[in-house]
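Asks: no sequence on this one, just coordinates:
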Ligand SMILES: O=P(O)(O)OC[C@H]1O[C@](O)(COP(=O)(O)O)[C@@H](O)[C@@H]1O
Ligand SMILES: [Mg+2]
Ligand SMILES: [Mg+2]
């Protein structure tokens with residue numbers, strides 16, 4: 001049996017000059033995920049399932065747990081000297097470490113509760129995070145310091161609160177999954193070296209947006225739906241949970257293609273999903289597991305961010321299907 005703590009210490013040993021701060025930072029993130037898991041699991045018992053009656057910076061209605069889980073994440077990390085600043089899907093501005101607390105050398109981007117529209121219907125939700133280096137010599141990080149492409153991520157992960165709570169983590173050396181053993185309060189390595197099959201016969205997309213999609217996306221999905229009767233040599237199955245963490249977890253388990261593509265009604269926003277809190281961390285994990293992640297036009301991790309709340313189209317999963325769809329985008333131009 002290998003616990004997350006043991007795993008992280010073993011990883012740290014590969015870098016003899018490491019200070020240990022990175023290990024401790026990931027440990028704090030794991031503690032935040034355990035606390036969020038507990039808050040989510042209490043469901044209606046804590047009377048916090050309703051809407052908050054407010055909107056976040058993205059203009060989306062916040063549910064009470066969006067706000068509560070955001071606070072849990074911030075508080076779990078704030079005491080440490082291991083991060084310099086954070087940005088959250090739920091906060092307009094940067095979150096700085098409280099004055100007087102020591103400052104660390106990492107920047108953190110996070111979505112405290114992904115798929116939160118599912119909370120009231122008791123389906124899987126999760127927390128997504130991405131860790132970057134704070135540029136050297138920067139005392140007071142600004143938004144500009146966060147605007148690094150996904151290829152600069154030091155680590156990324158997500159924790160899914162489903163039938164089991166599972167933490168999926170990459171530090172750029174493959175992907176490993178840890179299941180929370182609630183009896184002993186530890187994440188235990190349950191899926192070492194997660195790999196995504198290169199081929200798949202399953203896709204996930206919100207079909208109600210079909211009429212707003214660009215032609216390459218319509219072509220791809222129409223062919224899947226036609227199955228053997230069309231140009232593809234197989235029948236496809238479809239899933240849509242409206243919870244990216246659950247969707248990506250499925251892709252990391254049995255393959256598949258997940259897409260929230262560009263569509264006409266969200267074009268002025270740039271897309272649906274957020275680059276820094278959703279697209280980049282998931283792209284890093286998926287690539288590290290042998291899959292691919294693209295906007296249709298470019299590799300997600302190579303996008304130079306223009307702002308912390310930037311949105312982008314996302315197509316990720318089994319490599320051969322993502323490449324096929326990217327080729328359709330090239331053909332269309
Ligand atoms: O409701 P739609 O349009 O299908 O969108 C679903 C998508 O929105 C998200 O819920 C966005 O994340 P948040 O819940 O953090 O805002 C994704 O998890 C999911 O893929
Ligand atoms: Mg989200
Ligand atoms: Mg969210």
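Replies: It's in. This is a predicted model, so every value here is computed, not measured. Ligands and ions are numbered 1, 2, ... in the order given.
Asks: report the longest helix in this structure, please.
Replies: The single longest helix within the chain, with elements called by DSSP state H, is helix 21-41.
Asks: pLDDT on that helix, on average?
Replies: What helix 21-41 shows for mean pLDDT is 95.
Asks: before we move on, what about stretch 186-201?
Replies: On average, stretch 186-201 scores 97.
Asks: Check the separation of the first and last residues in that stretch.
Replies: 35 Å (CA to CA, to the nearest Å).
Asks: Next, the buried residues of it.
Replies: 186-190, 194, 196-197, 200-201 (16 or more other CB atoms under 10 Å). C-beta here means a position set from N, CA and C on the backbone, and glycine is covered the same way.
Asks: out of those, which are inside helices?
Replies: Per DSSP H, helices hold no members of the buried residues of stretch 186-201.
Asks: Strands - which of those land there?
Replies: In this view, those that belong to strands under DSSP state E are 186-190.
Asks: What is the nearest of the residues you listed to ligand 2?
Replies: For these, the closest approach to ligand 2 (CB to the ion) belongs to residue 187, at 21.5 Å.
Asks: partners of that closest one in the sheet?
Replies: residue 180 (DSSP bridges).
Asks: contacting residues for it?
Replies: 3-4, 30, 34, 167, 178-181 (CB atoms under 8 Å, 6 or more residues apart in numbering).
Asks: Return the members of those classed as buried.
Replies: Of the contacts of residue 187, these count as buried by 16+ other CB under 10 Å: 3-4, 30, 34, 167, 178-180.
Asks: would JSON lines of those residues with distance to ligand 3 be doable?
Replies: Converted to JSON lines, these look like this (distance: CB to the ion, whole Å):
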{"residue": "3", "distance to ligand 3": "28"}
{"residue": "4", "distance to ligand 3": "23"}
{"residue": "30", "distance to ligand 3": "19"}
{"residue": "34", "distance to ligand 3": "18"}
{"residue": "167", "distance to ligand 3": "17"}
{"residue": "178", "distance to ligand 3": "22"}
{"residue": "179", "distance to ligand 3": "23"}
{"residue": "180", "distance to ligand 3": "20"}
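Asks: Which member of the residues you listed is positioned nearest residue 248?
Replies: residue 167 (13.1 Å; CB to CB).
Asks: mind checking how far the closest one is from residue 157?
Replies: Relative to residue 157, residue 167 is positioned 6 Å away (CB to CB, to the nearest Å).
Asks: just residue 315 next, same as before
Replies: Residue 315 is 21 Å from residue 157, by CB to CB.
Asks: now residue 135
Replies: Residue 135 is 22 Å from residue 157, where distance means CB to CB.
Asks: quick one, which of these two is more surrounded?
Replies: residue 157 (27 against 14; other CB atoms under 10 Å).
Asks: Rounded mean pLDDT for stretch 276-292, please.
Replies: Mean predicted confidence for stretch 276-292 is 98.
Asks: Report whether that stretch contacts ligand 1.
Replies: No. Applying CB under 6 Å from any ligand atom, one finds stretch 276-292 separated from ligand 1 by no less than 6.5 Å.
Asks: Those residues of the chain touching ligand 1, which are they?
Replies: 60, 89, 111, 114-117, 206, 242-244, 260.
Asks: Throw these into JSON lines and include secondary structure, thanks.
Replies: Putting the residues of the chain next to ligand 1 into JSON lines (DSSP: H, G, I helix; E, B strand; the rest coil) gives the following:
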{"residue": "60", "secondary structure": "coil"}
{"residue": "89", "secondary structure": "coil"}
{"residue": "111", "secondary structure": "strand"}
{"residue": "114", "secondary structure": "strand"}
{"residue": "115", "secondary structure": "coil"}
{"residue": "116", "secondary structure": "helix"}
{"residue": "117", "secondary structure": "helix"}
{"residue": "206", "secondary structure": "coil"}
{"residue": "242", "secondary structure": "coil"}
{"residue": "243", "secondary structure": "coil"}
{"residue": "244", "secondary structure": "helix"}
{"residue": "260", "secondary structure": "strand"}
